[in-house]
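Participant: Can you look at this prediction? I've put the sequence above it.
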Amino acid sequence: MTAPKIRLKDVKKSFGEKKVLDGVTLDIAKGESVVVIGGSGTGKSVLLKCILGILLADSGVIEVDGQDVTHRRPADREAVNRKFGMLFQGGALFDSLPVWENVAFGLIQAEHMPRKVAKEKAIETLAKVGLSADVAELLPVELSGGMQKRVGLARAIASSPEIVFFDEPTTGLDPIMGDVINDLIVSTVRKQGITALSITHDMHSAKKIGDRITMLHQGKLIWVGDAKIVDASGNEYVDQFVHGRADGPIKMQVRR
Amino acid sequence: MNFLATIGAVVLAFFGHLGRLTIFTATAVSHCVRPPFYPRLIGKQMVDIGYYSLPVVGLTAIFSGMVLALQSYTGFARFSAESAIANVVVISLTRELGPVLAGLMVAGRIGASMAAEIGTMRVTEQIDALTTLSTNPFKYLVAPRLIAGLLTLPALVLVADIIGVFGGYMVAVYKLDFNAGIYLSNTVEFLEPLDVISGLVKAAAFGFIIALMGCYSGYHSKGGAQGVGTATTNAVVSSSILILTFNYVITELFFGT
Ligand SMILES: Nc1ncnc2c1ncn2[C@@H]1O[C@H](COP(=O)(O)OP(=O)(O)OP(=O)(O)O)[C@@H](O)[C@H]1O
Ligand SMILES: [Mg+2]
């Protein structure tokens, strides 16, 4: 059997006293699309950042293509990072660069593509996320929130990475554009054989883009299963989340 | 007991900062000397640091030169040694006031904006985004600023020196009625190459310090808008103090006996 694209073994991460990840174990096969669901603040974004090396895991093993990357600082892992594309939850667009340079950034800096060629490629990628060429010259602050999200998405996939992480790709988009993005993610993953790990709160989107769905709760992945059976998971935590009920085993930390 | 604990905490925090700054400096310098370089970014920084600081530094220099001429006239007139004024003006400017005043002005202008820019990039995850795009933030953000600071400030100070001398000349000739030709020839005659060179060495050091502290404060800022504000203040205060400290150290190296 070939090594999985990404392997997580008992990954732990705390901030001070607060345990955010408390033993996360998951294998993601090449070309597979996995969706992580879970309540707000459970550590989904932290999980992605640990795999990318932006945050260092306290313990456990993280392997990419069979290579242990757990304790390598971002600075020494440029070669590994070249395999990744990431859509940040907050966009994280470079606000001093025009939209097209944001999208073409990886092509110009890491792949040393000439600026002119990279710009054409960027405009092509922008078209895929439903943005026209005249947006390319604007600065990120001149865009709406949803447009920024789509630029972030374009930047994540522009340099055709082997693995893409989407942190809430459809949040803040209207339902129609949300579905366009879902289709885009599905087609990128299927057609180009890309491995994807996405985070979403939107169950419609989760079922559409995921081959498998897993739920993060109190630092552990409490359920992993085929996306088709998530509605009948038999797990009361997952059930509560999928149906969005306030009553159930998951207690929100709010005072009534 | 509590009092000792407070002192201990302050001392520990100081050494913590010193350690982090040392590592940051070493990493940054190692990236300055290894390719790839980013000439486009270095050029942009040089324009920011040099060209856009010209008005502010020029004004500082011209008034400093003027006031030097006026003050030394009131002082030296008692000894009827007016010819020394040209000498005092040009030596104080090239050795001390040019680099120090330009350094402090640029620290306020550029150090603050570097800290704010990099700090904002830190808190909005843009620096994380850089690394996921296989671009080293030291190479892309820090090194171009350090190189630009190091190269640009000497040029800026050279211009400031000339403007300052011109300010002194104006006061001497038009207000104090000195002979223009004699004033200029005094200026040139007393000036030694070392006066200018030591000033330019200082300028290079100050440029490096300003960019370093701006980048360091921004890079390690955390916690939203307030964190960026703190980083900005820290950058200006720490680079100003370091400029005055290194001004003494470099003076001692050049002229101390
Ligand atoms: N850099 C950090 N320093 C300290 N605590 C952090 C840091 N990053 C995240 N946390 C904490 O870790 C927890 C998980 O954060 P994370 O951003 O992963 O949540 P999330 O699951 O992505 O939530 P959401 O769905 O709202 O985006 C939060 O309680 C947060 O306070
Ligand atoms: Mg999140």
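Facilitator: The structure has been received and is ready for your questions. Ligands and ions are numbered 1, 2, ... in the order given.

Participant: and the closest residue to B:Val100 other than its chain neighbours, helix, strand or coil?
Facilitator: Excluding its sequence neighbours, the residue lying closest to B:Val100 (Cβ to Cβ, 6 or more residues apart in numbering or on different chains) is B:Asn247, at 5.6 Å. Heads up, the C-betas are built off the backbone N, CA and C, glycines and all. With DSSP: H, G, I helix; E, B strand; the rest coil as the basis, B:Asn247 sits in helix.

Participant: And for the lengthiest helix in chain A, what's in contact with it?
Facilitator: Determined from DSSP state H, the single longest helix within chain A is helix A:175-192. Outside helix A:175-192, the residues that touch it by Cβ atoms under 8 Å, 6 or more residues apart in numbering or on different chains are A:31, A:33, A:128-130, A:146, A:150, A:153, A:157, A:160, A:164, A:166, A:169-170, A:173, A:194-196, A:198, A:202, A:205, A:208-209.

Participant: Dead centre of the chain: give me the residue that sits there.
Facilitator: Reading this off chain A. A:Phe166 (2.2 Å; Cα atoms, centre = their mean).

Participant: right idea, wrong chain: chain B
Facilitator: B:Gly103 (2.5 Å).

Participant: Strands along chain A, start to end?
Facilitator: A:6-15, A:18-28, A:33-37, A:59-64, A:67-68, A:84-87, A:163-167, A:195-199, A:212-217, A:220-226 (DSSP state E).

Participant: Going by neighbour count, which residues of the last one are buried?
Facilitator: Neighbour counts over strand A:220-226 (16 or more other Cβ atoms under 10 Å in any protein chain shown) mark A:221, A:223, A:225 as buried.

Participant: Also near chain B: which of those residues, exactly?
Facilitator: Among the buried residues of strand A:220-226, proximity to chain B is found for none (Cβ under 8 Å from any Cβ of the partner chain).

Participant: Just put those in TSV and tack on distance to A:Gly234 and pLDDT.
Facilitator: Below are the buried residues of strand A:220-226 laid out as TSV (distance: Cβ to Cβ, whole Å; pLDDT from 0 to 100):
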residue	distance to A:Gly234	pLDDT
A:Leu221	16	92
A:Trp223	9	91
A:Gly225	9	89
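
Participant: hmm, back to that, which residues touch the residue nearest to the centre of chain A?
Facilitator: A:87, A:153, A:156, A:185, A:196-200.

Participant: Show me what counts as buried in the longest helix of chain A.
Facilitator: So, applying 16+ other Cβ under 10 Å, buried residues of helix A:175-192: A:177-178, A:180-182, A:184-185, A:188-189.

Participant: Taking those, tell me the two that lie furthest apart.
Facilitator: A:Met177 and A:Val189 (18.6 Å; Cβ to Cβ).

Participant: Could you list the domains of chain A?
Facilitator: A:1-83+A:164-256, A:90-160 (automatic domain parsing).

Participant: hey, which of the ones you listed is tucked in deepest?
Facilitator: Highest mean neighbour count among the domains of chain A (mean count of other Cβ atoms under 10 Å in any protein chain shown): domain A:90-160, with a mean of 19.

Participant: Report whether that domain contacts chain B.
Facilitator: Yes. Using Cβ under 8 Å from any Cβ, we find that domain A:90-160 touches chain B at A:90, A:92-96, A:105-106, A:109-110, A:155, A:159.

Participant: Off-centre distance for the longest helix of chain A?
Facilitator: 13 Å (Cα atoms, centre = their mean, to the nearest Å).
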